[in-house]
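Novice: sequence first, predicted coordinates after that:
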Amino acid sequence: MKTRAITGFFFVVVMLAAFFFGPYIFVGFFSLLALLSLFEFYGLIKTTGIFPQQILGFILGLMVCAATASFWFDTSFTRYFSAFIVPIGVSIFFAELYRKSEKPFHQIAYTFLGLIYTLLPFVFFMAMAFLQKNFNPHFSLGFILLLWTNDTCAYLTGRKLGKTKLFERHSPKKTWEGFIGGLLLTALVAFVISRYFKEVFWLHWIVIGLIISVFGTMSDLVESMLKRSINVKDSGSLLPGHGGLLDRFDGLLMAAPLVFIYLYLVL
């Protein structure tokens, strides 16, 4: 418990600091988390005897992060980073020709799935901070605060009042009572956030909170389904006492793209 508390404290401090030290630190930090999450996903898949193109997948992910960051910063390097994306993607197919595998297309598929499932959601998450052209971390920071609120309140409510299982096959501890408690309290915190982050009307913040609560919970269940399908308890060991990055950011993976799309339509 002590190790978990210390790790959690320092990780939260470092992550929150990334929001306030400017766009380069923000993009650099969360791009690093995205790439580490990608490697973590590939590591999980390797335990099943399927070996994704880990190096090429990492390079492709790096080019995606670099190209989008360059676009946000309005630099002339966007075209150069973007030019590498398609050739590297094609090379993943060619590289498999030189590997002795009975299931080459399984390995190709998991290489691209890792990018879609783990890296692109972080790109959408970072993109929220650039929706208004100039860097503004309020949407991304609000997203994280609401995600933490939902996770914490759902856990505490479920522990106190939980009786009806939400999806026992994939997560025996989650309950409907915990889910509803997390949803209501997340909506309340979203309203409080709207008093300070006034880029959008308060009702939009509540909708964002509901999206995070519903789809963040579903995303958590999907990550649990992944771990159960390959018989592992934690996605990794990068965060002592907490497991891996996918364990900490599982709710972000499906909620972030949806929140980005909502904000894009609203703004």
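Specialist: That came through, no problem.
Novice: when you work out contacts or count neighbours from here on, use the C-alpha atoms and nothing else.
Specialist: Noted.
Novice: show me the shaky parts of the stretch 101-250 of the chain.
Specialist: Residues of the stretch 101-250 of the chain meeting the criterion pLDDT under 70: 239-242.
Novice: quick one: the nearest residue to residue 45 once chain neighbours are set aside from residue 127, how far?
Specialist: Leaving out its chain neighbours, the residue that sits closest to residue 45 by C-alpha to C-alpha, 6 or more residues apart in numbering is residue 51, at 7.0 Å. When distance is defined by C-alpha to C-alpha, to the nearest Å, residue 51 is 31 Å away from residue 127.
Novice: looking at those two, which is more packed in?
Specialist: Set residue 51 next to residue 127 and count neighbours by other C-alpha atoms under 10 Å: residue 127 wins out with 24 against 21.
Novice: now do the buried residues in the strand ranked longest in the chain.
Specialist: Ranked by number of residues, the top strand in the chain under DSSP state E is strand 171-175. Buried residues in strand 171-175, counted by 16 or more other C-alpha atoms under 10 Å: 171, 173-175.
Novice: show me where the stretch 151-267 of the chain has its strands.
Specialist: Taking DSSP state E, counting those that start in this stretch to define them, one finds strands in the stretch 151-267 of the chain at 165-167, 171-175.
Novice: okay if I get those strands as a markdown table plus distance to residue 149?
Specialist: Supplementary listing: these in a markdown table, determined by distance: least, C-alpha to C-alpha, whole Å:
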| stretch | distance to residue 149 |
| --- | --- |
| strand 165-167 | 19 |
| strand 171-175 | 16 |
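Novice: out of these, nearest to residue 85?
Specialist: Proximity of the strands of the stretch 151-267 of the chain to residue 85 was assessed by C-alpha to C-alpha; the nearest stretch is strand 171-175, lying at 36.9 Å.
Novice: partners of the closest one in the sheet?
Specialist: strand 165-167 (antiparallel) (DSSP bridges).
Novice: what does the strand it pairs with rub up against?
Specialist: Under the contact criterion C-alpha atoms under 8 Å, 6 or more residues apart in numbering, strand 165-167 has outside partners 172-176, 179, 221.
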